[in-house]
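In: Need a 3D model of the following:
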Amino acid sequence: HQKETPLANAAFWAARKGNLALLQLLLNSGRVDVDCKDSLGTTALMVASYYGHIDCVRELVLQGADINLQRESGATPLFFAAQQGHNDVVKFLFSFGASTEFKNKDGGTALLAACQYGHAKVVETLLKHGANIHDQLYDGASAIFLAAQGGYLDVIRLLLSSGAKVNQPRQ
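Out: Below you'll find the predicted structure:
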């Protein structure tokens, strides 16, 4: 995909700020690749997903953005939306085929990120869409361990009622 251009930078800015009108203008100009990446492999869809701008997310996806691209770190738009607790974005990405399988360089998945940051609604949505409750970071930390570390009782209850093992050994 194209390298960064001033117009691509403007598209990233629009995605970050939630400026839908500017984003549409840039995409419709035909001079900004919908999947253009910055030096870390970040796409505008990742940015909009991170900041929870559902209208920008929708626009990018309808303009053909690749939902399952990974940043250099391994993170996807779904990962960012889950980490930040944007359940509406998470649901939208699932409706267009987002995968829960991707891992970042620490072994982190969207589910683990949501547990680590205490986003119970997102955890529920992820589990409903087939996220693996037994995901672990490469250091062995489980979903329930990460939720417990943060003191997120609602997430812990949800994980327990969904079949998480409490005494799962850290590998």
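In: Can you pull out the low-pLDDT segments for this protein?
Out: Residue ranges of the chain with pLDDT under 70: 1-4, 167-171.
In: pull the longest helix from it.
Out: helix 6-17 (DSSP state H).
In: What residues sit buried inside that one?
Out: Residues of helix 6-17 classed as buried by neighbour count (16 or more other C-beta atoms under 10 Å): 8, 10, 11, 12, 14, 15. The C-beta positions use only the backbone N, C-alpha and C, and glycine is treated the same way.
In: JSON lines for the residues you listed, including distance to residue 55?
Out: Shown next, in JSON lines, are the buried residues of helix 6-17 (distance: C-beta to C-beta, whole Å):
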{"residue": "8", "distance to residue 55": "20"}
{"residue": "10", "distance to residue 55": "17"}
{"residue": "11", "distance to residue 55": "15"}
{"residue": "12", "distance to residue 55": "16"}
{"residue": "14", "distance to residue 55": "11"}
{"residue": "15", "distance to residue 55": "11"}
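In: one step back: what's the longest helix of the chain packed up against?
Out: Judged by 3 or more C-beta pairs under 8 Å, 6 or more residues apart in numbering; DSSP states H and E, helix 6-17 is in contact with helix 20-28, helix 44-51, helix 54-62.
In: which one of those has the most crowded surroundings?
Out: helix 44-51 (a mean of 27; mean count of other C-beta atoms under 10 Å).
In: Only C-alpha atoms, please: export that helix in CSV.
Out: C-alpha atoms of helix 44-51 as CSV (Å, rounded to 0.1, in the frame of the first residue of the first chain):
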residue,chain,number,x,y,z
ALA,A,44,-7.1,4.7,9.6
LEU,A,45,-9.5,1.9,10.6
MET,A,46,-7.3,1.0,13.6
VAL,A,47,-7.2,4.6,14.7
ALA,A,48,-11.0,5.1,14.3
SER,A,49,-11.5,1.8,16.2
TYR,A,50,-9.2,2.8,19.0
TYR,A,51,-11.0,6.2,19.5
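In: distance between that helix and the chain's centre?
Out: Helix 44-51 sits 8 Å away from the centroid of its parent chain (C-alpha atoms, centre = their mean, to the nearest Å).
In: between that helix and helix 54-62, how many degrees?
Out: Put simply, helix 44-51 runs at 160 degrees to helix 54-62, going by axes from the mean of the first three to the mean of the last three C-alpha atoms, to 10 degrees.
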